[in-house]
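Colleague: how would this look folded up:
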Amino acid sequence: MKSFNSRRARAIMVVVATGSLVLTGCSENKGGSTGKDSKKDQAEASQQSKAVVYADAAASTGPAAEVPGAKPGGTVEVYQEAGLSHLDPGQIYVSDGGQVANLLFRGLTNFSEDGKGGTSVVGDLATDSGKSSDGGKTWTYTLKDGVKDQNGNVITSADIRHTIERQYAAFIFDGPTYLQTWLSGPKYRDALKDGGFGSKHLPANVLDTPDPKTVVFHFDVPRPDLPQTLAMPGYSVVPAKTDTKAKYDKAPVSTGPYKIAEYKAGKAMKLVKNTNWDPKTDSVRHQYVDGWNFDFGVTESTQTSRLIADQGATKNAIQLTGSVEATQVQDVVGNAAVNKRTIKGYQPYVMSLNFNLDRVKNKAVREAVAYGINSKSLIAGEGGVYGGDVAPNLFAPTLPGYEPTYDPYGRLKMPQGNIAKAKELLKDVPAAEKKLVFAYSNSEAGQKRKVAIEDALSKIGITVVAKEVDSASYYEQIGKLKNPYDIYISGWGQDWPSAATVVTPIYDGDQVADGAPNYSHINDPEVQKLIKKALTQEPTEAAATWRDAHHYILEKVLPAAPLWYTKQLQLYGSNIGGARYSTESSYIDVTRLFLKS
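Modeller: Got it, this is the predicted structure:
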């Protein structure tokens with residue numbers, strides 16, 4: 001899962017990954033103190049992790065449990081700095097889109113949180129989280145009765161098939177690829193070049209829809225993580241009747257509690273109630289407020305100052321994926337009344353400086369950067385200890401298999417950078433190779449990162465040529481194989497609690513393609529061998545293999561230099577009710593908000 005700024009009842013207990021989803025002790029907003037003690041925070045993140053469970057039909061039946069004190073009516077104001085990259089579900093793979101998707105779209109499954117650290121996968125459009133057979137190679141889903149899109153059209157298995165098949169089309173380039181590659185291999189587009197829009201479809205022994213209510217997936221190997229995969233926003237349903245292909249990105253059809261009434265890309269968006277959403281079919285979402293007004297172009301500093309002041313309509317406002325601006329953190333946490341209006345928690349993201357391996361081929365240069373980068377100054381720009389911790393490696397504290405003391409480049413001992421070591425590595429490097437083109441987002445956070453990168457690398461003898469990239473299309477631009485940049489910062493977090501969802505999407509050579517998140521273009525035979533091995537192993541064995549892959553990637557290849565682990569600190573208005581930290585999204589939980597008056 002790509003980080004935008006820096007991007008997961010009654011149930012059948014099934015451990016579904018190599019570990020479990022991790023919390024921070026601040027699931028419910030209680031004005032916690034996350035951020036003061038990094039080691040303590042990380043220890044809590046590890047100790048409080050719980051196994052994700054796959055829920056049965058009873059837990060998947062709506063309506064969702066009432067939020068205490070909830071009242072109907074009113075409009076939530078949403079502040080966001082950059083515009084949305086995409087509204088087409090198939091293109092959504094960053095956190096801002098994921099937040100909006102939970103208001104607009106529904107998939108076969110979804111994540112449900114109990115506010116106490118428990119996370120389960122429930123049936124969303126489906127009656128349950130799925131039924132597996134054939135040793136986990138076959139998964140069957142039955143659609144609920146009464147599920148319609150905003151136009152009143154009943155969602156059928158044909159719509160599910162269409163949703164999956166359109167992911168094969170060339171115009172879908174920015175979304176997740178797990179399901180497609182599991183069904184058809186790494187060159188999945190060759191299996192269905194027209195994305196199912198013509199007469200050809202995936203064969204029944206791959207994807208079967210025997211009747212309007214049934215969807216059956218057939219895989220060549222067990223896929224125990226499928227229910228979590230299908231809960232990703234990128235696999236939300238796109239009704240076949242109203243699919244406008246590439247144009248769908250501007251005017252998608254809703255199946256969730258709200259629909260788009262107005263949309264001016266990069267400026268504003270207005271959501272109103274979707275009257276064809278039936279709460280009896282939805283065990284996660286609510287429809288308390290009448291609508292949502294999204295105001296794009298509001299910088300984090302302006303968001304923070306407005307919300308601290310808490311005047312007028314701002315009392316009804318939230319930050320969507322923005323955080324408290326770094327220079328105003330103490331104004332928030334130091335004021336008890338304001339601090340009560342925050343949500344805090346560890347995010348799953350590791351921020352790293354990616355090397356374009358097609359351009360930065362000298363490993364000595366990459367090592368020098370890894371040693372010389374100043375994580376402390378970068379974190380200062382994120383809000384200090386409330387914004388993040390120094391990252392010694394590429395696995396986040398929220399990820400199963402995290403090793404807190406694994407620190408091959410001495411980041412923990414020298415977070416401001418080992419300048420002497422970096423200079424030694426660059427001693428015999430030609431001058432031309434010590435000039436790096438750095439792409440940065442034109443957001444406030446991006447500007448701060450640019451200054452920190454330039455300062456740190458100049459001290460070790462590297463010349464930085466900074467190139468500004470529009471923040472709304474930042475990941476799209478650095479995701480191009482032929483991009484003109486040497487280095488760029490990205491944030492990645494697990495799509496669900498397994499190292500497979502970190503190593504595979506960003507370090508798998510089969511994922512080297514335009515729009516894929518393998519931003520360094522790493523394609524190493526040993527890494528490929530370890531990935532293939534881990535994907536066929538039981539969780540305990542796989543954990544050891546993922547660890548070996550992580551060490552090899554970081555030490556032998558070094559496609560990216562770890563920078564920092566992200567924390568969340570968001571502020572909301574005093575009239576917002578139901579606010580809590582979502583461990584699944586790592587932002588404010590938008591599914592349960594209401595206005596107090």
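
Colleague: pretty sure residue 294 is touching residue 80, no?
Modeller: Yes. Using Cβ atoms under 8 Å, residue 294 is in contact with residue 80, at 6.3 Å. The C-beta positions use only the backbone N, C-alpha and C, and glycine is treated the same way.

Colleague: Overlap of the contact sets of those two?
Modeller: Residues touching both residue 294 and residue 80 (Cβ atoms under 8 Å, 6 or more residues apart in numbering): residue 320.

Colleague: low-scoring pLDDT stretches of the stretch 101-250 of the chain, where are they?
Modeller: Applying pLDDT under 70 to the stretch 101-250 of the chain picks out no residues at all.

Colleague: all strands for it, in order.
Modeller: For the stretch 101-250 of the chain, the strands defined by DSSP state E, counting those that start in this stretch cover 109-113, 119-123, 131-133, 138-142, 207-211, 214-218.

Colleague: Looking at the ones you listed, spot the one closest to residue 545.
Modeller: strand 131-133 (23.0 Å; Cβ to Cβ).

Colleague: Run through who's touching the closest one.
Modeller: 138-141, 224, 226.

Colleague: Out of the residues you listed, flag the one nearest to residue 213.
Modeller: So of these, ranked by how close each gets to residue 213 (Cβ to Cβ), first place is residue 141, at 9.2 Å.

Colleague: does the closest one really touch residue 107, like I thought?
Modeller: No. Contact criterion Cβ under 8 Å: residue 141 and residue 107 do not qualify, at 10.3 Å.

Colleague: Around residue 212, how many other residues sit close by?
Modeller: Each residue near residue 212 was counted by other Cβ atoms under 10 Å, and the total is 12.

Colleague: Now it. Nearest residue, chain neighbours left out?
Modeller: Spatial nearest neighbour of residue 212, excluding adjacent residues (Cβ to Cβ, 6 or more residues apart in numbering): residue 156 at 4.2 Å.

Colleague: Could you pull up the residues touching the one you found?
Modeller: Contacts here follow Cβ under 8 Å, 6+ apart; on that basis residue 156 touches 143, 212-213.

Colleague: winner for burial among the strands of the stretch 101-250 of the chain?
Modeller: Greatest average neighbour count among those goes to strand 119-123 (a mean of 29), per mean count of other Cβ atoms under 10 Å.

Colleague: sorry, back to before: quick one: the contacts of strand 131-133 as a markdown table, columns for distance to residue 416 too.
Modeller: Formatted as a markdown table, these follow (distance: Cβ to Cβ, whole Å):
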| residue | distance to residue 416 |
| --- | --- |
| 138 | 53 |
| 139 | 49 |
| 140 | 55 |
| 141 | 52 |
| 224 | 43 |
| 226 | 44 |
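
Colleague: Just give me the closest of these to residue 256.
Modeller: Residue 256 has its nearest neighbour among the contacts of strand 131-133 in residue 141, at 18.4 Å by Cβ to Cβ.

Colleague: beta partners of that closest one?
Modeller: residue 215 (DSSP bridges).

Colleague: So it versus residue 233, what's the distance?
Modeller: 18 Å (Cβ to Cβ, to the nearest Å).

Colleague: Just the helices from the stretch 451-597 of the chain, written as ranges.
Modeller: Taking DSSP state H, counting those that start in this stretch to define them, one finds helices in the stretch 451-597 of the chain at 474-478, 500-507, 525-535, 539-552.

Colleague: Tell me the helices and strands packed up against the longest one.
Modeller: Read that as helix 539-552. In this structure, helix 539-552 makes packing contacts with helix 500-507, helix 525-535, judged by 3 or more Cβ pairs under 8 Å, 6 or more residues apart in numbering; DSSP states H and E.

Colleague: in the first one, what's buried?
Modeller: Spelled out, it's helix 500-507. Using 16 or more other Cβ atoms under 10 Å as the test for burial, helix 500-507 gives 500-507.

Colleague: now do stretch 176-190
Modeller: For stretch 176-190, by 16+ other Cβ under 10 Å, it's 176-184, 188-189.

Colleague: Just those residues: which are in helices?
Modeller: Taking DSSP state H as the definition of helices, the buried residues of stretch 176-190 contribute 178-184.

Colleague: Just give the number of residues close to residue 467.
Modeller: Neighbours of residue 467 (other Cβ under 10 Å): 16.

Colleague: how much space is there between it and residue 449?
Modeller: 13 Å.

Colleague: Residue 221 too?
Modeller: Taking Cβ to Cβ, one finds residue 221 at 40 Å from residue 449.

Colleague: the more surrounded of those two?
Modeller: Comparing residue 221 with residue 449 by other Cβ under 10 Å, the one with more neighbours is residue 449, at 23 against 10.

Colleague: Show me what the strand or helix carrying the more buried one is packed up against.
Modeller: Per DSSP states H and E: residue 449 is located in helix 444-459. With contacts taken as 3+ Cβ pairs under 8 Å, 6+ apart, helix 444-459 sits against helix 300-309, helix 363-372, helix 375-380, strand 435-441, strand 463-469, strand 487-492.

Colleague: Out of those, which gets nearest to residue 475?
Modeller: Checking the helices and strands packed on helix 444-459 against residue 475 by Cβ to Cβ gives strand 487-492 as the closest, at 7.2 Å.

Colleague: can you give me the angle the closest one makes with helix 500-507?
Modeller: Interaxial angle, strand 487-492 versus helix 500-507 (axes from the mean of the first three to the mean of the last three Cα atoms, to 10 degrees): 160 degrees.

Colleague: and strand 487-492, how far from the chain's centre?
Modeller: 13 Å (Cα atoms, centre = their mean, to the nearest Å).

Colleague: Summarise which helices and strands it is packed against.
Modeller: Packing partners of strand 487-492 (3+ Cβ pairs under 8 Å, 6+ apart): strand 342-355, strand 435-441, helix 444-459, helix 474-478, helix 500-507, strand 560-571.

Colleague: Taking strand 435-441 as reference, get the angle to the third one.
Modeller: Same thing as helix 444-459. 170 degrees.

Colleague: could you dump helix 444-459 to PDB, C-alpha only?
Modeller: Listed next in PDB are the C-alpha coordinates belonging to helix 444-459 (Å, rounded to 0.1, in the frame of the first residue of the first chain):
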ATOM      1  CA  GLU A 444       4.700  21.200   2.000                       C
ATOM      2  CA  ALA A 445       6.100  17.900   3.200                       C
ATOM      3  CA  GLY A 446       7.800  17.400  -0.100                       C
ATOM      4  CA  GLN A 447       9.500  20.800   0.100                       C
ATOM      5  CA  LYS A 448      10.900  20.000   3.600                       C
ATOM      6  CA  ARG A 449      12.200  16.600   2.400                       C
ATOM      7  CA  LYS A 450      13.900  18.300  -0.500                       C
ATOM      8  CA  VAL A 451      15.800  20.600   1.800                       C
ATOM      9  CA  ALA A 452      16.800  17.700   4.100                       C
ATOM     10  CA  ILE A 453      18.000  15.500   1.200                       C
ATOM     11  CA  GLU A 454      20.000  18.300  -0.400                       C
ATOM     12  CA  ASP A 455      21.700  19.200   2.900                       C
ATOM     13  CA  ALA A 456      22.600  15.700   3.800                       C
ATOM     14  CA  LEU A 457      23.900  14.600   0.400                       C
ATOM     15  CA  SER A 458      25.900  17.800  -0.200                       C
ATOM     16  CA  LYS A 459      27.800  17.100   3.000                       C
END
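
Colleague: what sits up against it?
Modeller: Counting by Cβ under 8 Å, 6+ apart, 5-6, 81, 299-301, 325-326, 353, 369, 372-374, 377-378, 380-382, 417, 419, 436, 438, 440-441, 463-464, 466, 471, 474, 487, 489 sit against helix 444-459.
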